[in-house]
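Chemist: My questions concern the predicted model and sequence given below.
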Amino acid sequence: MLLNRFLALLSTRNKEFLRDRSSLGWNILMPVLIVAGFAFAFSGDLGNQFKVGVLNQHTATAESQRFLELRHIDFYPVDTITSALSKVQRHQVDMLFDAEKQQYWINTESPAGYMVEKVLLGVASQGFEKQSVSGKQIRYIDWVIPGILSMNMMFSALFGVGFVIVRYRKNGMLKRLKATPITAFEYLSAQIVSRMMLIMVVTAFVFYGTNFFVDFVMNGSHLSLFLIFALGALSMISLGLVIAARMTSEETAGGLLNLFSWPMMFFSGVWFSLEGAAPAMQAIAEVFPLTHVTAAARAIMIDGASLLEVGYHILVLLAQSIVFLALGSWYFKWD
Amino acid sequence: MNSLSDTLLEINNLVKHYPSVKAVNGIDISLNAGICFGLLGPNGAGKTTTVEILEGILSPTSGDILYKGQPLGDQFRKEAGIMFQSTALQDYITVAETLKMFARFYTRNADLDELIQRCNLTDYLHQDNRELSGGQRQRLLLAIALVNDPDIIFLDEPTTGLDPQARRNFWELINDIKAEGKTIILTTHYMDEAYTLCDEIAIMDHGKIIAEGTPKDLLAKHFNDVVLQLPESVMNGFDLSAFTAHSRHGHVEITTCDVDEVISVLIKNNISLAQLQIRSRTLDDLFLELTGKELRA
C-alpha cells in the first residue's frame, strides 16, 4: 500500500510537471541558451595575447631573460610542471617555458604554440631544447559546461521542489493530503524521486543536445557522470526540502531560495576556477553542494577521472544529502 | 443521551487556545452513527477550528476525541471523508486523474464509476482542474471526500459561493449520502441548508456551544410565535409601540402569538396588507435571540 500511495503521488507530480509546458520549456531552454551564448561569445579570435607559463623565473639565464622581456606575451609563473603541462595539452597555455634549463614545451596541434615557438627562436635562437606534447584543445566552453549543467540542476532542484511545496502548503493542497493516510515520508519521497527523474531526463537532454551543437569534451564515463549528477540532484533537492519544510509564504521562500542559489551560482566554480581565490571564499564554496557536483563533473568530463578519483566529492555530497534529508523530513509541516 | 454502542464520535471538553484567542473553549459533542450533524455559527465562532481538530488536522490544546471508542488514528484517517472549505487541486491534472490519485491512497474504495455519475462529473472527467466552474469543483471535492467510501464525512461550508441552483443540486447529493446511513458533520452559514439537511445542530459562539438539539426542537423550545413582515414604505409612520416589532432589511417585523389581533389593528389603521408575509421562526431568529447577533455577521 505504501508503494501504491507513493506511485500515485509520483505519477501525478510527473504529469503536472510535464504538462506545464512553460516550466518544462524553460528548464530545457535556459541551459541551451547559456551554452549557445558562450559558444558564440568565444567563437571569435579573442586571444590575441599569447600565454606562456614560466618555470624557474627567478633563476632565468640571460638568453631566457631576453625572451621574458618581450611585450604582448603574458608570462606567468608556474610552480609545478605537471599541472602546467596539462594546460599546454588542453591549449589553455600556449607554451611552458623553463627559464633556468632553457627548455620549452608546446602542443604540436596548437597554432598559437607554433607562433610563440617562432618568436622564442627569433629572439634567442641557440640552446633551447624543444619538448612536444599533444592533446585536444580544451576551450572555455568545455570547461564551463559541467558547471552550467550542474547549475541548471540546482535551480530545478531548489525551486522545483522547494517552491512547489510552499505553494501547495499555502493553497491548502498539503492540508488535504494530510487528511488522507499519506505519510510525510511517502509524500516527500515522491517529490524527491519525481524531481530527480525529471532533472536527470532534462539534464541528459541538455547534455546531448548541447553536445550536438558545441561538441564539447567528454573524456570520462557517461555512467560516472550520471551517478554524480544523480547524487548532486539528490543533495540539492534535499536542500530545497529543508528550505521549504515549514514556510508558508511563496515570497519569503523565493527570497530564501535565491539567497542560497545565487551565491552558489557565483562561488561554486561554475564560471571561473576557485584556484587562487581567497581562502575564505574557498572555505565557503566547500560548503555548497554545487561546488562538489561541478568539480566532480568537470574532473570526469575533462580529465576522464574515475569515481574513485572524485571520491571526496561523492562523500561530501552523500553526507550533505543525508543531513539535509533528515533535517527536511524532521522539520516538515503539512500546514 | 446516546448509548455508547451507537456513538461514532465522542468529544469531551475540547479546548483550543492560540496565544491571542481562545478559539474553542471546552465543548462536548456526542454523535450517533448515521446522522447529519450541523455546526453553525458566525465567522470566528470557532466552528472551523473545531471541525479541523475533529478531522485530525489541528491538535487540541486539551480534551479527548474518540472515534469508534478509540483516539483518532490510522483507522480514522482511512474511514473519514473530508471536504475542506477551500482546497486547491493540482494544476494540469484532470478530474479523472485526481479521483484516481486519491483512490490509490486508500485500501477501501467506493465504485469510481458510480461516484462519478452520482456527483455528475461524467462530462468533465478529462477536464483540467483549473477549468472547472465553482459548482463542478465542489462536486469534485465531494467526490474526493467520498472516494474511500467513508463512514464519517466532514463537509465544511460546502455550498459557499454556489448559485441557488447549484446549492439545491448539492443538497440532493448530500441527502443521497445521508440515505446510505453515512454520518455527516456539516458546517454552514446557511440556516435553510442546516434546517433542510441536519438531524441535529449545535450553535457555536465565542468557542462554545450555546444551543444543541434537533432544529425543530430548538425552535419549539425557544419560540411559540410567528413573524409578520411588511415593507417599511407601507407603514405610513404607524406607531408600533404596542407590538414587539423591529426593522430588518427594509421591512418591519412584528412578532406575535396572535396573528388575527395584529392584522385587525393594521386594517383599522389603513395599512395595506398586499405585501404582508407571515413566516415561522427560523434558525436565524434563534441565533439572533441567543446571541443578539445576526448569524451571517
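Modeler: Done, it's in.
Chemist: ok, which residues in chain B are in contact with chain A?
Modeler: Proximity of chain B to chain A, by CB under 8 Å from any CB of the partner chain, involves residues B:55-57, B:74, B:77-78, B:80, B:82, B:84, B:86-93, B:97-98, B:100-102, B:104-107, B:144. Using the backbone N, CA and C atoms, a C-beta is placed for each residue, glycine as well.
Chemist: and these, which are buried?
Modeler: By the neighbour-count criterion of 16 or more other CB atoms under 10 Å in any protein chain shown, those include these buried positions: B:55-57, B:77-78, B:80, B:82, B:84, B:87-90, B:92-93, B:97-98, B:100-102, B:104-106, B:144.
Chemist: In helices only, show me these.
Modeler: B:R77, B:K78, B:E97, B:T98, B:K100, B:M101, B:F102, B:R104, B:I144 (DSSP state H).
Chemist: Excluding covalently adjacent residues, which one is nearest to the last one?
Modeler: For B:I144, the nearest residue in space outside its immediate sequence neighbours is B:F102; the separation is 5.0 Å by CB to CB, 6 or more residues apart in numbering or on different chains.
Chemist: helix or strand for the nearest residue to A:F207 once chain neighbours are set aside, which one?
Modeler: Closest residue to A:F207 apart from its sequence neighbours, by CB to CB, 6+ apart: A:L149 at 6.2 Å. Using DSSP states H and E, A:L149 maps to helix A:140-157.
Chemist: surely A:L327 meets A:G240?
Modeler: No: A:L327 is beyond contact range of A:G240, at 11.8 Å (criterion: CB atoms under 8 Å).
Chemist: A:G25: neighbour count?
Modeler: 10 (other CB atoms under 10 Å in any protein chain shown).
Chemist: wait, which of the ones in helices among the buried ones among the residues of chain B next to chain A is closest to chain A?
Modeler: Distance to chain A, by CB to the nearest CB, is smallest for B:R104 among those, at 3.6 Å.
Chemist: longest helix anywhere in the chain?
Modeler: Since you didn't name a chain, this refers to chain A. helix A:184-214.
Chemist: nope, chain B
Modeler: Per DSSP H, chain B has its longest helix at helix B:164-179.
Chemist: mind giving me the domain split of chain A?
Modeler: For chain A, the structural domains run A:2-41+A:139-331, A:50-133, going by automatic domain parsing.
Chemist: Give me whichever of the ones you listed is most buried.
Modeler: Neighbour counts (mean count of other CB atoms under 10 Å in any protein chain shown) averaged over each of those peak at domain A:2-41+A:139-331, with a mean of 19.
Chemist: Just the terminal-to-terminal distance for that domain.
Modeler: For domain A:2-41+A:139-331, the first and last residues are 21 Å from each other (CA to CA, to the nearest Å).
Chemist: Tell me the gap between it and the middle of its chain.
Modeler: Distance of domain A:2-41+A:139-331 from the chain centroid (CA atoms, centre = their mean, to the nearest Å) equals 11 Å.
Chemist: Mind checking the pLDDT average for that domain?
Modeler: Averaged over domain A:2-41+A:139-331, pLDDT sits at 88.
Chemist: got a pLDDT number for the closest residue to B:D176 other than its chain neighbours?
Modeler: Ranked by CB to CB, 6+ apart and with sequence neighbours excluded, the top spatial neighbour of B:D176 is B:R118, at 6.7 Å. B:R118 is assigned 88 on the pLDDT scale.
Chemist: I figured B:R118 was touching B:I174, is that so?
Modeler: No: using CB under 8 Å, B:R118 is not in contact with B:I174; the gap is 11.3 Å.
Chemist: Neighbour count for the two, which is higher?
Modeler: Each of B:R118 and B:I174 has its neighbours counted (other CB under 10 Å); B:I174 has more, 22 against 17.
Chemist: Now do the helix or strand encompassing A:G25: which elements does it pack against?
Modeler: According to DSSP H and E, A:G25 maps onto helix A:21-41. The elements that helix A:21-41 packs onto, with contact taken as 3 or more CB pairs under 8 Å, 6 or more residues apart in numbering or on different chains; DSSP states H and E, are helix A:2-19, helix A:140-157, helix A:184-214.
Chemist: pull the CA atoms of the second one into PDB?
Modeler: Extracted as PDB, the C-alpha positions of helix A:140-157 are listed here (Å, rounded to 0.1, in the frame of the first residue of the first chain):
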ATOM      1  CA  TYR A 140      36.400  27.700 -22.100                       C
ATOM      2  CA  ILE A 141      33.100  26.300 -23.300                       C
ATOM      3  CA  ASP A 142      34.400  22.700 -22.500                       C
ATOM      4  CA  TRP A 143      35.400  23.900 -19.100                       C
ATOM      5  CA  VAL A 144      32.200  25.700 -18.200                       C
ATOM      6  CA  ILE A 145      29.700  23.100 -19.500                       C
ATOM      7  CA  PRO A 146      29.900  20.800 -16.400                       C
ATOM      8  CA  GLY A 147      29.200  23.900 -14.300                       C
ATOM      9  CA  ILE A 148      26.200  25.000 -16.400                       C
ATOM     10  CA  LEU A 149      24.700  21.600 -16.300                       C
ATOM     11  CA  SER A 150      25.100  21.500 -12.500                       C
ATOM     12  CA  MET A 151      23.800  25.000 -12.100                       C
ATOM     13  CA  ASN A 152      20.700  24.200 -14.100                       C
ATOM     14  CA  MET A 153      20.100  21.200 -12.000                       C
ATOM     15  CA  MET A 154      20.500  23.300  -8.900                       C
ATOM     16  CA  PHE A 155      17.800  25.800 -10.000                       C
ATOM     17  CA  SER A 156      15.400  22.900 -11.000                       C
ATOM     18  CA  ALA A 157      16.100  21.100  -7.700                       C
END
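Chemist: Summarise which helices and strands the first helix or strand past that helix going along the chain is packed against.
Modeler: For helix A:140-157, the following helix or strand on the C-terminal side (DSSP H and E) is helix A:164-171. Applying 3+ CB pairs under 8 Å, 6+ apart, we find helix A:164-171 packed against helix A:173-178, helix A:222-244, helix A:250-267.
Chemist: sorry, back to before: mind listing residues that contact the helix holding A:G25?
Modeler: Contacts with helix A:21-41, where a contact means CB atoms under 8 Å, 6 or more residues apart in numbering or on different chains, come from A:17-18, A:140-141, A:144-145, A:148-149, A:151-152, A:155-156, A:198, A:202, A:205-206, A:209-210, A:213-214.
Chemist: The closest residue to chain A within the stretch 151-297 of chain B: how many residues sit nearby?
Modeler: Using CB to the nearest CB, the closest approach of the stretch 151-297 of chain B to chain A is made by B:F154 at 8.5 Å. B:F154 is flanked by 24 other residues according to other CB under 10 Å.
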